[in-house]
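Visitor: Take this sequence and fold it.
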Amino acid sequence: MKKTIKGKVIHGAKLGRQLGFPTANLDASRLSEVDNGVYAARIKVAGRNYNAMANIGTRPSVDGHTRLLEIHIFNYRGSLYGRYVKINLLKKIRDEQRFESIEALKEQLLRDAEECKRE
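Guide: Numbers count the residues shown, from 1 in each chain. Below is the predicted model:
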């Protein structure tokens, strides 16, 4: 499963930062051919490829409504707001789900990140 997505990084709610997983966000409302869920991914930034973890969906654990593609880039520091990026979804890790607490979500994100790093 390899799917390439291109788009402009937009501002989000900045919740990922609070969870320890800052993300670059893209509007995913038109990505009807991609299922909601967590994916191992690669992103190209300024000519360099980075491994990443992507989530596509509405973020039901934090009462999200807008469908976004959120991507946490491993070992990257910097702002991408307003920049165009190219993302390759490599493998679906799991379906999007609702967690009972923010702590449970954080614990799952840690497991997801480890699995994404192995891809």
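Visitor: Need the three-state assignment for the residue of the chain most remote from its centre.
Guide: Checked against the mean C-alpha position of the chain, the extreme residue using C-alpha atoms, centre = their mean is E100, at a distance of 20.1 Å. In terms of secondary structure, E100 is coil; the call rests on DSSP: H, G, I helix; E, B strand; the rest coil.
Visitor: Okay, N36 and N25: tell me how far apart.
Guide: Noted for N36: a distance of 15 Å to N25, by C-beta to C-beta, to the nearest Å. Using the backbone N, CA and C atoms, a C-beta is placed for each residue, glycine as well.
Visitor: And E96, by the same measure?
Guide: Distance, E96 to N25, using C-beta to C-beta: 15 Å.
Visitor: so what's N51 bridging to?
Guide: Here N51 sits in beta bridges with R42, going by DSSP bridges.
Visitor: from what I can see it touches K117, true?
Guide: Yes - N51 lies in contact with K117 (C-beta atoms under 8 Å); the separation is 6.4 Å.
Visitor: what is in contact with those two at once?
Guide: Contact criterion C-beta atoms under 8 Å, 6 or more residues apart in numbering; residues shared by N51 and K117: F74.
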